[in-house]
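# Just need the structure, nothing else, for what follows:
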Amino acid sequence: MSKIIVLMGPPGSGKGTQARLLQERLGLPQISTGDMFRAMKEAGTPLGERLREILASGALVPDDLTIRLVEGRTSLPDCRDGYVLDGFPRTPAQADMLETLAAGQGHGLVAVFVDVPLDILEKRVTGRRSCPVCGEIYNVYLKPPKVDEVCDLHPEAKLNRVADDNGETIKTRLATYVQ
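Sure, this is the predicted structure:
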């Protein structure tokens, strides 16, 4: 039976990094709801604007929208043999939906909790930077690039910071997570 690997943990715990490693090792697609939301936010559509407001506030995207996106993405042919979920499920309704989805797709579920002490998470999130060319992730506190704000692999690329990776938003996101 093919598997859905579900990475769970607080924002900034490293789920995305672990998902990429699992993707490389197992050859399964990585599905990140955060990546899907950020892409929609940049699309400039009314829905994208709504997502921009939700993400900037640190609140969770409504279950119905999140569930529709995950159902659509996991119905693609590359998910036939399983996939790695990063950032989903986040609520009991999403967990119930995932169980139904997995059964309908003939997949088993494996959950992995990525545990990081809450006091370290703010530094991990606020220091996070990424290369716009290759997606390499850096952290100005924990894994800085060789040259400040420049990708080690693409010296012509200035590193990006996600707009909602700031102190106030991460505190809201962590408070929401802890609830």
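# how close does D148 get to K123?
D148 is 17 Å from K123, where distance means C-beta to C-beta, to the nearest Å. No exception for glycine: its C-beta is placed from N, CA and C like everyone else's.
# between those two, which one's more packed in?
Counted by other C-beta atoms under 10 Å, D148 and K123 do not tie: K123 has more neighbours, with 16 against 9.
# Wait, that one touches L142, no?
Yes: because the distance of 7.1 Å satisfies C-beta atoms under 8 Å, K123 is recorded as touching L142.
# What count of nearby residues applies to C134?
Using other C-beta under 10 Å, C134 has 12 neighbouring residues.
# From A59, how far out is it?
For C134, the distance to A59 equals 31 Å [C-beta to C-beta].
# wait, what's in contact with R20?
Counting by C-beta atoms under 8 Å, 6 or more residues apart in numbering, R20 makes contact with Q30.
# Check which helix or strand E156 maps to.
Using DSSP states H and E, E156 maps to neither a helix nor a strand.
# Tell me which stretches of this protein form helices.
Ranges of helices within the chain are 15-26, 33-42, 46-57, 63-74, 92-105, 118-126, 167-178, based on DSSP state H.
# Those: which one's closest to E156?
With C-beta to C-beta as the criterion, E156 lies closest to helix 33-42 of the helices of the chain, at 21.6 Å.
# Skipping adjacent residues, who's closest to E99 in space?
Once flanking residues are discounted, E99 sits nearest to L109: 7.1 Å by C-beta to C-beta, 6 or more residues apart in numbering.
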